[in-house]
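Enquirer: the following block contains a protein sequence and its predicted model.
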Amino acid sequence: MFAIFTRLTAGEGDPPDEDRISPSRPAGRHRAASSAQASLQVMLFPAVLLVILAVVFTVILSAGHSSCAPQDRASVFAYQTAKVSACERAQTTKTIATISR
């Protein structure tokens, strides 16, 4: 079978892809891989720097607003009372609007 195939293809020569293969090709692949890795590092470095910068600014800006002092009871009670009153008024207004329809 191989002898018949060899006789049929004897005059055609090598396939076109085989002419392009050279011993330096694996080195080219390695060079391309290292180039891709270098470009990834170039892109990754600013991204990491930006994240670090955002974390530092967040920590610095939030440090000035934190107050660990407890609120006095009177102001907490007044706030909660106003909140409950507003909620009750909203429920009453809603009920009246529903009944009047």
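Expert: Perfect, thanks for sending it.

Enquirer: moving C-terminal of the lowest-mean-pLDDT helix or strand in the chain, what's the next helix or strand?
Expert: Scoring the helices and strands of the chain by mean pLDDT, DSSP states H and E places helix 16-20 at the bottom, with a mean of 61. On the C-terminal side of helix 16-20, the closest following helix or strand by DSSP states H and E is helix 25-63.

Enquirer: per-residue confidence for the residue nearest the centre of the chain?
Expert: Centroid-nearest residue in the chain, with Cα atoms, centre = their mean: A47, separated by 10.7 Å. Note for A47: predicted pLDDT of 90.

Enquirer: flag the shaky bits of the protein, pLDDT-wise.
Expert: 14-33, 63-70, 100-101 (pLDDT under 70).

Enquirer: now with 80?
Expert: 1-39, 41, 62-71, 91-101 (pLDDT under 80).

Enquirer: relative to L40, how far out is the residue nearest to the centre of the chain?
Expert: 10 Å (Cβ to Cβ, to the nearest Å). Where C-beta positions appear, they are placed from N, C-alpha and C, glycine not excepted.

Enquirer: over to A97?
Expert: A97 sits 61 Å away from L40, going by Cβ to Cβ.

Enquirer: check I99 too.
Expert: Distance from I99 to L40, by Cβ to Cβ: 67 Å.

Enquirer: who has more neighbours, those two?
Expert: L40 (10 against 7; other Cβ atoms under 10 Å).

Enquirer: what's the separation between that one and I52?
Expert: If you measure L40 against I52 using Cβ to Cβ, the figure is 18 Å.
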